[in-house]
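Got a predicted structure here, sequence first:
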Amino acid sequence: DAKTTQPNSMESNEEEPVHLPCNHSTISGTDYIHWYRQLPSQGPEYVIHGLTSNVNNRMASLAIAEDRKSSTLILHRATLRDAAVYYCILRDPPPNAGGTSYGKLTFGQGTILTVHP
Amino acid sequence: NAGVTQTPKFRILKIGQSMTLQCAQDMNHNYMYWYRQDPGMGLKLIYYSVGAGITDKGEVPNGYNVSRSTTEDFPLRLELAAPSQTSVYFCASSYAGGRGDTQYFGPGTRLTVL
């Protein structure tokens, strides 16, 4: 499986932007980059995903490097509710590319984001 | 929609006991998954199902069994509970297993085996 590398922890102040980096130097041409987050004592929740182009949704933006070897999740104005563990995940490729048929999500240890009031 | 629901929220088992963790989804999703999360770690896949009647092993299936008789339900059975199975268990579902697809997670079941 292609792997991702994230910092163990990051800190931010409320109302400020947060840039969460992720390195995935062994990404294949067809791997999607997914971000999930896990709030304390809750199940993970989907944040955003992308393939090549930058993506925006109501929760965040995803900036993908031109060579796709890294990406950055951007929270435009952090709130206390954004304090969570953020996981950067490469979705498993299909069987004809050496992966599985069920789109495995492989969770690493993620980045613990602390937001200060 | 209730999304993905799990019961119970908490459970304490004695070594050797058995139990079933329940999971249900009302989104008509084909794919369902069971993960476990040990303290301070990421999630690991136990079993998954791509549709009613079809299940397969994930990364850490030993000590668990699953069945999928309906699209909505995907129970996880623990036989002969051991302390190593102390963990938080999450069920998830997705419409399909494609690489652009989103998984929706339940709130989890916190299991302690003493």
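Thanks, I have it.

Pull up the residues of chain A that are close to chain B.
A:30-32, A:36, A:41-46, A:49, A:51, A:87, A:91-94, A:100-105, A:107-110 (CB under 8 Å from any CB of the partner chain). All C-beta spots, glycine's among them, are computed from the backbone N, C-alpha and C.

Now restrict the residues you listed to buried residues only.
Buried members of the residues of chain A next to chain B, counted by 16 or more other CB atoms under 10 Å in any protein chain shown: A:31-32, A:36, A:43-44, A:46, A:49, A:87, A:91-94, A:100, A:102-105, A:107-108, A:110.

got the residue ranges for the strands in chain B?
B:4-7, B:10-13, B:19-25, B:31-37, B:43-51, B:54-57, B:64-66, B:76-78, B:87-94, B:104-105, B:109-113 (DSSP state E).

typo on my end, it should be chain A
Going by DSSP E, chain A shows strands at A:9-13, A:18-23, A:33-38, A:45-50, A:55-56, A:61-64, A:70-75, A:84-90, A:111-116.

who touches the second one?
Residues external to strand A:18-23 that are found in contact with it (CB atoms under 8 Å, 6 or more residues apart in numbering or on different chains): A:4-7, A:10, A:12, A:33, A:35, A:69-75, A:78, A:82, A:86, A:88, A:111, A:113, A:115.

could you give the mean pLDDT of it?
Averaged over strand A:18-23, pLDDT sits at 97.

C-alpha coordinates for it, CSV please?
Provided in CSV are the C-alpha atoms of strand A:18-23 (Å, rounded to 0.1, in the frame of the first residue of the first chain):
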residue,chain,number,x,y,z
VAL,A,18,-4.6,25.9,9.5
HIS,A,19,-2.5,24.1,6.9
LEU,A,20,-2.1,20.3,7.6
PRO,A,21,0.5,18.8,5.4
CYS,A,22,0.7,15.2,4.1
ASN,A,23,3.5,13.5,2.1
